[in-house]
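*Asks:* pasting the sequence and the predicted model now:
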Amino acid sequence: MRSITTRAMIALVLGGVLTLGAFIGAFFWAGVPDFGFVRTAGQVDSVRYKGPFEQAIDEARYLANYAGYTVEVEADGESVRGELVSADAESVEIATGSGNVTIDAADFEAATVFGSEYGRPDWGQKIFYFHVPVAEISFVVFAFAAFYAIRFLMTRNRDYDTKNRVSMEVTLVFVGLTMATGILWTKAAWGVWWDWEPRLTTYFILTLLVIAYFVLRNSVEDEERRAVYGAVFSILAFIDVPISFFITRLIPSNHPVIEGGGLEGPMLISFILGQIGMIALGYAIYQLRMGEVQLQERIEQAKTLLER
Amino acid sequence: MNPTLKEVYSLVLTQWPLVAGAYALLWAGMVLYVGMALKRLNGLGKQLEVLEAAVARRQAAE
Amino acid sequence: MTEEHQHTLALEVRDLTRAFGVRKALDGVSLELPVGAFLSIFGPNGAGKTTLVKVLTTLLNPSSGSARVLGRDVVSDAVDLRTHIGLISHNPLLYPDLTAEENLLFFADMYGVEQPHVRVSELLEAVELDHRKLDLTRTFSRGMLQRLSIARALLHRPEVIFLDEPYSGLDPHAMDILDGLIAQIRDSHTFVMISHDLDKGLELCSHALILAKGRVVLYEPREAIDDAAFRQTYRSTVGMGVS
Amino acid sequence: MASASGRQLRAMLRKDIVMELRTKEMIMSMGLYSLLTMVVYFVALSQAGSNFDPRDIAAGLLWLAFIFTSMLGLNRSLVHEKDQGCLEALLLSPVDRPVIFFAKAGGNLIFLLAVEALTLPVFGFLFLQGTHLDWGSIALLPLILIVGSIGMAGVGTLLATMSVNTSGKDFVLAMLFIPLMYPLLLGAVTATGGAIVGGAQGVSVFWTGMGWVVGYDVIMLLASYGLYEFIVGA
């Protein structure tokens, strides 16, 4: 008994240190990737400056978005360079060194816009270092639960039922944490708290299934029947795991998919740190709960011994 | 402020507290769960000690 | 299964245990019962009586040990064994929305009884229900249901009949009829009966078994039993009940 | 053995149908329930305005009615077996456990299809009048109803056999059944929607949905078939 809790505590400390390390690595060491670009007329800041850009424009009205930018307009065989004042489907007005010039849209031939390009920092990506490991572990622990369920049905050994139940409990914890972190990220990245998007939907179903497992167990009186029903249902429910995992690859989805080789250096190290840490935490919680269940069993035994 | 910088920083400002909040939530959840589990474990340990002492007394008496 | 066993031993239970975790419904039960005997099983609630019968009728598998009924193993020969045993429970095990005849014909189909119509009318006559055979069993009294239940259990001509508290909930008249029916088939069948009623159980039995906490407290043929001592033993086990 | 199983399967199916025709309990409750659902739909859609196209949501509404109605029937069909311990009598007879599964699932499938056949025209009459329907693709509807109902009856029978032994039967069945049904529902609604909208694109959508449902049926029926023995013996 003691050995289980000792193992759990070691795993707990290890997991805590590693996930904390992953957090520090993610926020203070790994770079912030860019989430698209913003463009501006002049250079305003050097922090996320990506360099100058040139944009070719072939119709006068498309210049409308670039008021304040430096433009070079070709019209009637001539070239005018200056700061764009305004542009619409009729005319283009440019401020040059020698006063404002208005060009009729009919004479417009081509234009080039000059300005600076900035990377938009994608802070939301930081969720990746802990949300993904948590979600992965929830799948893995569920797989263990299903495995123990099969073992239980094969052997009818109550220990496997206990392992199945505790695995499902750990799954519930990780599913809950995945949901919580995921919802916050959804708000950060998509501007909404929830979206009925394939991955989110299937994961939501998974959450319901895990909750249903406990509802089922709690409403069965007989101990062995409860164990059998729990095992059968966790096997059936496990079918949702591969669906949830692969659905972003099958159906067009907004949810980001990890593609191989996308990570390097500090990012990769932080990510792997987070994964190992989360595995350790999952193991720790599992062992902790197992220790608790075994203690309970010993108490039951001692009680029956005393009542004899 | 320059509109571009405003956009750049607005993204930084809205995203980053949410993401850090998510991490804080994760840790709070973990700590809470583990704390509760440890507390229960402790309580059970005490109960077991009492019971085992009773069993030992019973056996000594026999 | 061996021929010789089939004709001498109805039950052959070796070290039978049915456990889930630390809780043991049956804990090392061993007994032998010759063909043609009448075994009464006594014991307090939660003693494992029903579990024992469920294992012997192949409804539950043993956790360890073995049990043979008529020489057939309850696990490996289960399907074959089921055609040789019948169960009369305190639950009628009949469909209330079928008529008496339809109920019997349905179970005759399940067992593959030959000439089902002949067999069914024969049995309905035997339990004196032929005049009600077209009525839904929903409308039957407790006693009539129990009689029909006996007919259902006898459909496939079982050799061993299990009775799970067959007298519970019966009025005296229905009890008499049940007694008469059992007396009729007493000689040609082996019986295993769970009973709470000591008098009734002792009156009918050729062997008596007392179970408590899943263990055999006493197992003796009727002749060897001293009634007063038996009652004393039985009473002492009631205190050991879980309930 | 095969012929014995066939005889037993037929006997159990016949018994269920005879009982149902006598009491009409399941068909009545399921049929009325689905009609009541139509009334609720009318109330729910009463504020939708005149320029919305009911065809867009018809598939979802239909399957919504089917899934809730099916739970009603599933519960009933297993309560019948449990009430007087009849399931025990079945288990005592020399029958292979999967035969019991196929018989109960088959019975449930028949009643489910009967109720669907009743609901579908009523729904069309009440909500789809005056809309343009492509009868060529509507003719595909029975296919998805049958394939979808097979999955519902199969998994539902397994789950109802569990839930009938729990406290709070109906709630537990809903809690187990609806999430597990999600992939099937999604495919079935997609296919039904395709058939109702019609046209070449609708038909192609229909077959995509059908593919999902058939895949789900195969996996889930195999799993239910394999697991039923444990449930019914517990």
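*Replies:* Yep, that arrived.
*Asks:* helix or strand next in line after the helix-or-strand element of chain D with minimal mean pLDDT, which one?
*Replies:* Confidence across the helices and strands of chain D bottoms out at helix D:135-138, with a mean of 84, counting by mean pLDDT, DSSP states H and E. Sequence-wise, the next helix or strand downstream of helix D:135-138 (DSSP states H and E) is helix D:141-163.
*Asks:* which other helices and strands contact that following helix?
*Replies:* Packed against helix D:141-163, as judged by 3 or more CB pairs under 8 Å, 6 or more residues apart in numbering or on different chains; DSSP states H and E, are the following elements: helix A:223-238, helix D:55-83, helix D:97-127, helix D:169-197, helix D:199-233. Placement of C-beta: from N, CA and C, glycine included.
*Asks:* now it against helix D:199-233, angle please.
*Replies:* Computed by axes from the mean of the first three to the mean of the last three CA atoms, to 10 degrees, the angle separating helix D:141-163 from helix D:199-233 equals 20 degrees.
*Asks:* who's in contact with D:Gly198?
*Replies:* Residues in contact with D:Gly198, defined by CB atoms under 8 Å, 6 or more residues apart in numbering or on different chains, are D:Leu133, D:Asp134, D:Gly136, D:Ser137, D:Ile138.
*Asks:* neighbours around residue 21, how many?
*Replies:* I went with chain A, as the question did not name one. Neighbourhood size, A:Gly21 [other CB atoms under 10 Å in any protein chain shown]: 17.
*Asks:* should've been chain B
*Replies:* 16.
*Asks:* dihedrals phi and psi, A:Gly36?
*Replies:* Torsion angles at A:Gly36 (phi, psi; degrees, to the nearest 10) stand at phi 70, psi -170.
*Asks:* can I assume A:Val38 sits in a strand?
*Replies:* Yes. Residue state for A:Val38 (DSSP: H, G, I helix; E, B strand; the rest coil) corresponds to a strand.
*Asks:* just checking, it touches A:Tyr118?
*Replies:* Yes. If you go by CB atoms under 8 Å, A:Val38 and A:Tyr118 touch, sitting 5.0 Å apart.
*Asks:* between these two, which one's more packed in?
*Replies:* Between A:Val38 and A:Tyr118, counted using other CB under 10 Å, A:Tyr118 has the larger neighbour count: 24 against 18.
*Asks:* where does that one fall, secondary structure wise?
*Replies:* Counting by DSSP H and E, A:Tyr118 is part of strand A:108-121.
*Asks:* now do that strand: which elements does it pack against?
*Replies:* Against strand A:108-121 (3+ CB pairs under 8 Å, 6+ apart) you get strand A:34-40, strand A:49-57, strand A:70-75, helix B:3-61.
*Asks:* between these, which gets nearest to A:Ser234?
*Replies:* Closest of the helices and strands packed on strand A:108-121 to A:Ser234 is helix B:3-61, at 20.5 Å (criterion: CB to CB).
*Asks:* that older thread, now the helices and strands packed on strand A:108-121 as JSON lines including distance to chain C and mean pLDDT?
*Replies:* Converted to JSON lines, the helices and strands packed on strand A:108-121 look like this (distance: least, CB to the nearest CB, whole Å; pLDDT from 0 to 100):
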{"stretch": "strand A:34-40", "distance to chain C": "54", "mean pLDDT": "78"}
{"stretch": "strand A:49-57", "distance to chain C": "65", "mean pLDDT": "86"}
{"stretch": "strand A:70-75", "distance to chain C": "80", "mean pLDDT": "90"}
{"stretch": "helix B:3-61", "distance to chain C": "15", "mean pLDDT": "83"}
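*Asks:* what number of residues lie near residue 26?
*Replies:* Since no chain was named, I'll use chain A. 25.
*Asks:* can you look at chain C instead?
*Replies:* 29.
*Asks:* can you check D:Glu229 too?
*Replies:* As a burial measure, D:Glu229 scores 15 neighbours (other CB under 10 Å).
*Asks:* now do A:Ala146
*Replies:* By other CB under 10 Å, the residues close to A:Ala146 number 22.
*Asks:* how about the nearest residue to it, chain neighbours excluded?
*Replies:* Closest residue to A:Ala146 apart from its sequence neighbours, by CB to CB, 6 or more residues apart in numbering or on different chains: A:Phe238 at 3.9 Å.
*Asks:* which bits of chain C sit near chain A?
*Replies:* For chain C, the residues in contact with chain A (CB under 8 Å from any CB of the partner chain) are C:Phe20, C:Gly21, C:Val22, C:Arg23, C:Asn61, C:Ser63.
*Asks:* and chain D, which of those residues contact it?
*Replies:* Contacts with chain D are made by C:Asn61 out of the residues of chain C next to chain A, judged by CB under 8 Å from any CB.
*Asks:* wait, A:Arg48 sits on A:Asp122?
*Replies:* No. In this structure, A:Arg48 is not within contact of A:Asp122 by CB under 8 Å, at 11.1 Å.
*Asks:* circling back: which of the helices and strands packed on strand A:108-121 sits most buried?
*Replies:* Of all the helices and strands packed on strand A:108-121, strand A:70-75 carries the top mean neighbour count, a mean of 20, counting by mean count of other CB atoms under 10 Å in any protein chain shown.
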